[in-house]
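Visitor: Quick one: sequence and predicted model below, then my questions.
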Amino acid sequence: MPLILDALPGYTGPHAVATIDIEVPLSSPRNLAPQVQYRCPPSPRHINPFQLDTVLFSLFYPASADISKATKAKPKHPWISRPTSLSGQGYARFAHTSNWVVDHMFTSGLYALAGSVYVHAAVDLPLLSGKALQERDLNGTSDGRLPIIVFSHGMASGRTSYTHLLGELASRGFVVAAIEHRDGSGPGTIVMHADGSQQRLMCTKEHDLMSIGDDGSKQDVKRDQFKHEQIEFRNAEIEEVVQVLQRLNAGDGGQLFKQNPRGEGEALAGFQGRLDLNNMVVGGHSFGAVSALRALRSTLHFKGGIVLDTGKESGPLNTDIDAPVVIINSDSWSCTHSIFFGRPHFDVVRDIAEGINSKQKTSAWFLTSMKTTHPSCTDAPVIAPTLLSWATGSTVDAKAGVGMYVQTCWDFLRFVVQGKVPEGSILGEEVSHKSYDVETELRSQEVKSKWHKMGWDKMWQVHVAPMTKEGQSSLQSVLKTFTDTGH
């Protein structure tokens with residue numbers, strides 16, 4: 001293990017965690033933007049950047065701790081997907097310095113730093129039995145079915161960038177589908193087609209593309225158009241992943257295993273009837289947070305949304321939301337003044353949360369996690385705490401920083417499933433700071449003392465909350481109304 005990096009730590013929930021990489025070909029491939037083409041296509045088969053042929057995601061889930069129940073122990077997944085050269089070239093392209101020499105330098109550096117880091121979850125273990133889940137149920141899922149999280153990664157990231165956060169939630173009784181987006185936002189990915197062929201796709205910028213007019217003319221792709229097409233492509237991937245989860249629950253796990261070119265999925269047959277499709281939440285970080293907001297407008301009827309550091313250069317944000325949402329900004333995201341479509345980004349996000357609460361049939365929170373920075377919810381500071389602290393200015397302990405996200409996301413998920421905020425949660429508090437670092441004048445000394453005792457005064461600022469002085473009954477009635485409307 002390289003001295004500069006730490007191993008990814010184990011998960012702290014009561015359940016063991018396993019993971020399966022699943023790639024599924026679409027029965028009918030979708031071209032989301034046929035008029036947009038590569039200037040230099042990566043292959044004759046892949047002329048359009050928004051051609052959706054397969055979906056790839058890592059499934060994290062609570063598993064049987066008895067590895068002997070698996071047919072054969074499988075090696076753990078590397079944290080940096082293989083081949084490492086794919087990511088090396090991709091990060092060089094992000095840095096606008098890609099050539100043979102620089103690509104090799106990036107690849108060598110990545111391998112030296114993180115080549116021996118592996119995702120902590122075991123691979124392809126059987127799903128935790130319903131009986132075992134009920135014996136240690138933390139989420140009110142008394143029927144043995146598991147709530148679901150569909151998670152969208154940010155720019156320059158991939159499906160393995162948030163394994164600690166997502167694995168922690170899986171260890172608490174959730175099934176998590178971490179998507180690998182093929183919209184050009186990641187460093188690189190390999191599409192494995194049903195016919196056995198493979199296609200390398202690298203990170204893409206708008207200047208790599210052109211738009212073909214009806215008359216055959218070639219035009220530049222503008223940045224706003226590019227971002228819009230990326231978000232719509234990501235939303236299509238989310239839709240397809242949900243369909244795969246529905247197939248799993250319907251008993252199609254064996255067929256999905258046979259179709260999976262990644263060679264994993266023996267345990268998928270055990271998912272039949274075990275997924276709680278009525279308690280499905282979408283989440284994301286940065287560009288993925290924009291994707292999560294977009295997905296809440298879709299016909300998928302997600303029960304809630306987890307929004308972490310909403311993108312600042314990702315195009316307009318969806319405000320048509322009728323589901324509970326928790327928005328968490330890192331400290332660096334809230335304190336940095338950024339203009340977003342003519343207004344401060346912080347104010348735009350706060351207005352989204354307040355707009356959701358104003359509908360009175362759902363609820364939203366907007367918080368800042370103090371002393372954290374944009375990567376704090378990812379694996380990066382966990383495996384390289386000193387390096388990331390120096391590079392980003394984060395002053396929070398790396399594991400404690402991720403722990404803040406884990407606890408609050410878990411509290412929100414339990415609210416979605418159970419209809420009430422867990423006792424002792426920051427989500428049960430009223431607004432502390434209407435704006436970043438501007439404390440609300442009406443806070444009583446009793447509340448301030450409570451925050452100091454809980455340590456919240458150094459950990460959180462609450463900018464928007466649905467809580468009223470009448471107590472949690474309003475929140476419960478809000479969620480009941482939301483459920484009664486058929487979501």
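Guide: Yep, that arrived.
Visitor: any idea how far Glu423 is from Leu56?
Guide: Separation of Glu423 from Leu56 (CB to CB, to the nearest Å): 39 Å. C-beta: built from backbone N, CA, C; applies to glycine.
Visitor: what do you get for Gln407?
Guide: For Gln407, the distance to Leu56 (CB to CB) stands at 29 Å.
Visitor: repeat for Thr97
Guide: Thr97 is 28 Å from Leu56, where distance means CB to CB.
Visitor: How many neighbouring residues does the residue lying closest to Ser197 once chain neighbours are set aside have?
Guide: In space, Ser197 comes closest to Arg45 once its chain neighbours are excluded; the distance is 7.8 Å by CB to CB, 6 or more residues apart in numbering. Arg45 is flanked by 12 other residues according to other CB atoms under 10 Å.
Visitor: Arg45 and Leu201 touch, don't they?
Guide: No. Contact criterion CB atoms under 8 Å: Arg45 and Leu201 do not qualify, at 11.4 Å.
Visitor: pLDDT below threshold where in the stretch 1-150 of the chain?
Guide: Under the criterion pLDDT under 70, the flagged ranges of the stretch 1-150 of the chain are 1-4, 66-72, 142.
Visitor: show me where it has helices.
Guide: Under the criterion DSSP state H, counting those that start in this stretch, helices of the stretch 1-150 of the chain are mapped to 84-94, 100-114, 130-135.
Visitor: so can I have CSV of the ones you listed showing mean neighbour count and distance to Lys399?
Guide: Compiled in CSV, the helices of the stretch 1-150 of the chain are given as follows (neighbours: other CB atoms under 10 Å; distance: least, CB to CB, whole Å):
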stretch, mean neighbour count, distance to Lys399
helix 84-94, 22, 24
helix 100-114, 16, 18
helix 130-135, 14, 26
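Visitor: quick one: Arg350 from Phe366, how far?
Guide: Taking CB to CB as the measure, Arg350 falls 6 Å from Phe366.
Visitor: which one of the two has more residues nearby?
Guide: Remark: of Arg350 and Phe366, Phe366 carries more neighbours, 27 against 21, as counted by other CB under 10 Å.
Visitor: Not counting sequence-adjacent ones, nearest residue to Lys450?
Guide: Trp456 (8.0 Å).
Visitor: Give me the pLDDT value at that neighbour.
Guide: On pLDDT, Trp456 comes in at 96.
Visitor: what about it, how many neighbours?
Guide: There are 17 residues near Trp456, going by other CB under 10 Å.
Visitor: And for Thr392?
Guide: For Thr392, the neighbour count with other CB under 10 Å is 17.
Visitor: so it touches Pro375, yeah?
Guide: Yes. Contact criterion CB under 8 Å: Thr392 and Pro375 qualify, at 6.2 Å.
Visitor: which residues are common contacts for those two?
Guide: Contact criterion CB atoms under 8 Å, 6 or more residues apart in numbering; residues shared by Thr392 and Pro375: Pro381.
Visitor: so what sits against both of Arg350 and Phe366?
Guide: By CB under 8 Å, 6+ apart, the residues touching both Arg350 and Phe366 are His463, Val464.
Visitor: where do the strands sit along the stretch 201-350 of the chain?
Guide: Applying DSSP state E, counting those that start in this stretch to the stretch 201-350 of the chain gives strands spanning 209-212, 218-220, 275-285, 304-308, 325-330, 339-340, 343-344.
Visitor: elements contacting the fifth one?
Guide: Going back to what we said before, that points to strand 325-330. strand 304-308, helix 345-358, strand 364-369, helix 398-418 (3 or more CB pairs under 8 Å, 6 or more residues apart in numbering; DSSP states H and E).
Visitor: Given that strand, what are its sheet partners and their directions?
Guide: The strands beside strand 325-330 in its sheet (DSSP bridges) come out as strand 304-308 (parallel), strand 364-369 (parallel).
Visitor: Out of those, which is closest to Gly253?
Guide: Closest to Gly253 of the strands paired with strand 325-330, according to CB to CB: strand 304-308, at 25.7 Å.
Visitor: Not counting the closest one itself, show me its contacts.
Guide: 149, 281-286, 288-289, 292-293, 295-296, 321, 323-328, 330, 377, 405, 409, 412-413, 415-416.
Visitor: Now do that strand against helix 398-418: the angle between them, please.
Guide: 160 degrees (axes from the mean of the first three to the mean of the last three CA atoms, to 10 degrees).
Visitor: Measure how far strand 304-308 is from the centre of its chain, please.
Guide: The chain centroid and the centroid of strand 304-308 are separated by 9 Å under CA atoms, centre = their mean, to the nearest Å.
Visitor: same thing with stretch 210-228?
Guide: 29 Å.
Visitor: Need the residues that contact it.
Guide: Gln35, Val36, Gln37, Tyr38, Arg39, Lys205, Glu206, His207, Leu209, Glu313, Ser314, Gly315.
Visitor: Next, the buried residues of stretch 450-467.
Guide: Neighbour counts over stretch 450-467 (16 or more other CB atoms under 10 Å) mark Trp451, Trp456, Asp457, Met459, Trp460, Gln461, Val462, His463, Val464, Ala465, Pro466, Met467 as buried.
Visitor: make that stretch 119-132, sorry
Guide: Neighbour-count burial for stretch 119-132 [16+ other CB under 10 Å]: Val119, His120, Ala121, Ala122, Val123, Asp124, Leu125, Pro126, Leu127, Leu128, Gly130, Ala132.
Visitor: Just the terminal-to-terminal distance for that stretch.
Guide: 24 Å (CA to CA, to the nearest Å).
Visitor: Gly288: what's it in contact with?
Guide: Counting by CB under 8 Å, 6+ apart, Gly288 has contacts Phe151, Ser152, His153, Gly154, Ser157, His181, Arg234, Leu308.
Visitor: How about the backbone phi and psi for Ser98?
Guide: Dihedral angles of Ser98 (phi, psi; degrees, to the nearest 10) stand at phi -70, psi 120.
Visitor: Could you count how many residues lie near it?
Guide: If we define neighbours as other CB under 10 Å, then Ser98 has 18 of them.
Visitor: Would you confirm that it contacts Ala92?
Guide: Yes. Between Ser98 and Ala92 there is a contact under CB under 8 Å: 4.1 Å.
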